[in-house]
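Participant: Only the shape, not the letters, is given here:
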């Protein structure tokens, strides 16, 4: 009996969706082979499926194949869900179209050509072959990550809206100061800003940033609006930074 061919597969995505890659580490006895590739705009699940498809497509004849994947989506899909999908005309139990049905159909066709056994391994847990497949998948994604304008725009989109909100909030205040009649300390004194002192020199000692702020923004509702907006912007920026760092850590462990 022939020895089984082991396919260790993995997918990676820099943003989901975003630039992605797939990797396959193949072993047949003492022979080993590496495959990898990617796409400029895809999802992690599509790359997981593509990795298995490309591995099976590389086989030249009918084989016993052991597919080792860290994707429950792929394993459960092929061992359980696909039977219901095919029975329902490639629709889910809720009568919705199956996502990635083009890849599921291609994978189903390839599996029929071999004797396939599915196994699941925990990702990023020190499994040597799975780590190798992950390295290959990230290598495939790297070929597309730097040239995907859509991915770049999606990463920048939250910061774009933050900039728009900040511009809307800051512009009225900037215009108010730009067209203010106060240009030096004598103007502040002349217009009565320092109404408790008798000279411009004393007024200069009185003028502080907090004093100016409360003088230009006397209404409590306006102060509350600007304060809440500032807090929102700071929190939004922090959240986006944390999300970005989390994505980098998740996709590049």
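Facilitator: Sure thing, it's come through. These numbers were taken from a predicted model, which means no experiment stands behind them.
Participant: Strand partners (parallel or antiparallel) of the helix or strand hosting residue 68?
Facilitator: Per DSSP states H and E: residue 68 is located in strand 64-69. Note on strand 64-69: by DSSP bridges, its sheet partners are strand 5-14 (parallel), strand 115-120 (parallel).
Participant: in the last one, what's buried?
Facilitator: Going back to what we said before, that points to strand 115-120. For strand 115-120, the neighbour count (16 or more other Cβ atoms under 10 Å) marks 116, 118 as buried. Yep, even glycine has a C-beta here, placed from its N, CA and C like the rest.
Participant: before we move on, what about stretch 124-142?
Facilitator: Within stretch 124-142, the residues that qualify as buried are 127, 129-142, counting by 16+ other Cβ under 10 Å.
Participant: got the contact list for that stretch?
Facilitator: By Cβ atoms under 8 Å, 6 or more residues apart in numbering, the surrounding residues in contact with stretch 124-142 are 6, 8-14, 19-25, 27, 34-38, 47, 51, 68, 70, 121-123, 251-253.
Participant: circling back to that earlier point, show the subsequent helix or strand relative to the strand holding residue 68.
Facilitator: Proceeding N to C from strand 64-69, the next assigned helix or strand is helix 72-76, under DSSP H and E.
Participant: what residues does that following helix touch?
Facilitator: Identification of contacts with helix 72-76 by Cβ under 8 Å, 6+ apart yields 9, 45, 48, 49, 52, 69, 118, 119, 120.
Participant: For stretch 30-43, list every residue counted as buried.
Facilitator: For stretch 30-43, burial by neighbour count (16+ other Cβ under 10 Å) applies to 35, 36, 37, 38, 39, 40, 41, 42, 43.
Participant: any chance of those residues in CSV, plus secondary structure?
Facilitator: As requested, the buried residues of stretch 30-43 are exported to CSV (DSSP: H, G, I helix; E, B strand; the rest coil):
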residue, secondary structure
35, strand
36, strand
37, strand
38, strand
39, strand
40, strand
41, strand
42, strand
43, coil
